[in-house]
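[1] Structure for this input, please:
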Amino acid sequence: MKQFDKTALLFEILLGSDMFLVNRKIEEIHSSIEYNRVCSCIPSISKTQTLKDIVDQFEALDIYGILSMTRALEVERQINEMDRRLSAFPSINPYLVEPEQVKNYSVSTVGNVNVEISAQGMKLNEFTTHTGVLPSHRKKIVKLKAFNWYKEAKASIAEMIETSKLFLTKIRKSRVRYKSLTAQYLVLTLITVAAVVYLSFFPETLLWRTNSFGDYRQLIFTALGGAMIFSYLIVSLLHIDYQTFGFRMASKVRQQVVRQESLITQLDNKSEKFERELVDMAGKPRKMNIATTSVGVINEYRKFNATDLLDYVYCESEYYHNKHSKKLLFHNIFFVLGFIASAAILLLQTVLAL
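    Numbers count the residues shown, from 1 in each chain. Below you'll find the model as predicted:
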């Protein structure tokens, strides 16, 4: 246990729970290597007896609902234990494997995947290279494991598609709204239009339009006009960006559903070739050196996970802010710049005339 955790725990025992310290610990857990490894691996775990409890435990963690340092430390211990067990027994479904999991849990080939055979956990290679096993027995075990992987993968993909469709139903009517930014855009539009009309038609700016101003006045009005137009264009583009974000999200999720639906066909095609190859290799004692990345069908097809979509559906503006805070900052900066430039154009002629 870290020294900070010991101090925070002692503080809690003496004075009660301090949510500032608890929230800090929650964020530390959420950003930890162990949590992210386990989180990325859970969808791909083959539901063996050995690992089924890991899936159940992980889904029951509810880390954002932690209310005490004691519980936070317990959750951290559970996650570390899950990561240790997954590292020791990486029973990952080859059809659902992703490149990150190959690196995290060393399952570069199908033979590296752990399986349960006769209530014992072992790498598939340990079984297929065992010289005492009859070829017919080895083939039957390999057929059974391959079919179970296929059955699990098909169910997982179906669930993935159904989840995406449910979120799509809610996302279709979503819209990012910022009343303050909408007000800024309207104000900037009005004052920019007023400044453009002033520069284009009013007699006070005739000398500028005919390039007859003094050098410094001509330069000032030209610089202000350029800054005004540029700022308005930037603000308009950023305004369009967040106004149409809901439509773009729905479009991306629709594309994700289409791609995920194509995974069923890909799974069927890959499984037929992979399973036959696996059974043929099992005829003699040998290692299963088929690369898991060549078997996996998920890869880039999960652009948004369920957590991302859940965050967006119930608070679109907050989600946009978390993902695109710099765009919102630029919106404010260029609004101020455009407002100052437009106001200066409307007022400067009077000031210079004094």
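[2] what's downstream of the lowest-mean-pLDDT helix or strand in the chain, the next helix or strand?
    When each helix and strand of the chain is scored by mean pLDDT, DSSP states H and E, helix 206-209 comes last, with a mean of 52. Following helix 206-209 in sequence order, the next helix or strand is helix 215-243 (DSSP states H and E).
[3] Could you pull up the mean pLDDT of that following helix?
    Averaged across helix 215-243, the pLDDT comes to 83.
[4] Look up how far Gln243 lies from Ile264.
    36 Å (Cβ to Cβ, to the nearest Å). Using the backbone N, CA and C atoms, a C-beta is placed for each residue, glycine as well.
[5] And for Gln184?
    13 Å.
[6] Of those two, which one has the most company?
    Gln184 (20 against 16; other Cβ atoms under 10 Å).
[7] which residue packs closest to that one, ignoring adjacent ones?
    Distances taken as Cβ to Cβ, 6 or more residues apart in numbering place Phe335 nearest to Gln184, at 4.6 Å, with adjacent residues excluded.
[8] again with Phe330
    Nearest non-adjacent residue to Phe330 (Cβ to Cβ, 6+ apart): Leu238, at 6.3 Å.
[9] who are the neighbours in contact with that neighbour?
    For Leu238, the contacting residues are Lys327, Leu328, Phe330, His331, Phe334, by Cβ atoms under 8 Å, 6 or more residues apart in numbering.
[10] Among those, which are located in helices?
    Lys327, Leu328, Phe330, His331, Phe334 (DSSP state H).
[11] Tally up the residues packed near the last one, please.
    Using other Cβ under 10 Å, the number of residues around Phe334 comes to 22.
[12] Can you tell me how far it is from Ser236?
    Using Cβ to Cβ, one gets 10 Å for the distance from Phe334 to Ser236.
[13] what's the answer for the first one, then?
    From Lys327 over to Ser236 the distance is 13 Å, taken as Cβ to Cβ.
[14] just the helices in the stretch 1-150 of the chain please.
    Secondary structure of the stretch 1-150 of the chain (DSSP state H, counting those that start in this stretch): helices at 3-15, 19-30, 33-41, 52-59, 69-88, 99-105, 124-128, 135-171.
[15] Good, we can wrap up now.
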